[in-house]
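>>> would you be able to build a 3D model of this:
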Amino acid sequence: MTSDQRLRQSRLVFYEEDISRIDKVLSEFLRLSGAKCALLVDKEGHLVTKQGEVKTLNMDTISALVAGSFAATKEMAKLLGEEHFSALFHQGERDNIQLSLVGDRTLLTILFDDRTTVGMVRLYANEACKKLVNIFSDSERRMKEEGPRELDLGKGYGNSAKDKLDNLFQ
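Sure thing, here's the model as predicted:
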C-alpha cells in the first residue's frame with residue numbers, strides 16, 4: 001500500500017449528512033445534560049463540529065489543547081498498564097471540561113458549569129458517544145461501498161489554480 005493510500009485511509013472524512021447527524025446528537029446531548037457546549041475534535045486537534053454556547057472561545061486553540069491533553073493522558077495510561085483512559089475531567093472554579101474518547105479517532109469535548117452536574121454530563125455523554133460511533137460506522141461503511149466522493153469545485157477551478165501556480169513559480 002502506498003503512503004498516499006494509507007493517508008487517505010487514516011484521514012477522517014465527514015460529509016454534510018454526517019455532520020448534520022452529528023450536530024443533532026450534540027444538540028440533543030446539550031438539551032438533556034444542561035451542558036453549555038459540545039465539540040467534536042479529531043485526535044490531531046482539528047475541530048470537526050460544535051454545538052452550544054461558544055461565542056467567546058477560540059475553538060482552534062481549545063481543539064488543539066484538548067488533543068494534546070488527551071495524548072499526554074494516553075501516555076500516562078500506558079505507564080499504568082492501561083491502553084488509554086476513555087474519559088478525562090477537568091474541574092475549575094466556574095467551568096468544567098469533560099473529554100470522552102469516541103471510537104478511536106475523535107474526542108467529545110463538553111464544557112459545562114454549575115447549571116448541571118458531572119453525573120448528568122457523564123450519563124448523557126456515554127449515550128452520545130454510542131450514537132456517534134454508529135454514525136462513524138455508517139460513514140465508513142458508505143465510504144467502502146461508494147468510494148470517496150469527488151469534490152465539485154466549480155468550472156474553471158483547475159485552470160484558475162494552474163494559472164496562479166504558474167504566476168507564482170515564474
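>>> name the element the closest residue to residue 22 other than its chain neighbours belongs to?
Here the nearest residue to residue 22 in space, its sequence neighbours aside, is residue 49; by Cβ to Cβ, 6 or more residues apart in numbering that works out to 5.5 Å. Just so you know, the C-beta spots here come from the backbone N, C-alpha and C atoms, and that holds for glycine as well. Applying DSSP states H and E as the criterion places residue 49 in strand 47-52.
>>> and the next helix or strand past that strand?
The helix or strand immediately downstream of strand 47-52 is helix 59-79, counting by DSSP H and E.
>>> contacts made by that next one with the rest, please.
Residues from elsewhere that reach helix 59-79, judged by Cβ atoms under 8 Å, 6 or more residues apart in numbering: 39, 41-47, 50, 83-85, 88, 90, 97, 99, 101, 107, 109.
>>> for ChimeraX, write a command that selects the buried ones of those residues.
Restricted to buried positions by 16 or more other Cβ atoms under 10 Å, the ChimeraX selection for the contacts of helix 59-79 reads:
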select :39,41,42,43,45,47,50,88,97,99,101,107,109
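>>> among the contacts of helix 59-79, which ones are in strands?
Of the positions in the contacts of helix 59-79, 39, 41-42, 47, 50, 88, 90, 97, 99, 101, 107, 109 sit in strands, assigned by DSSP state E.
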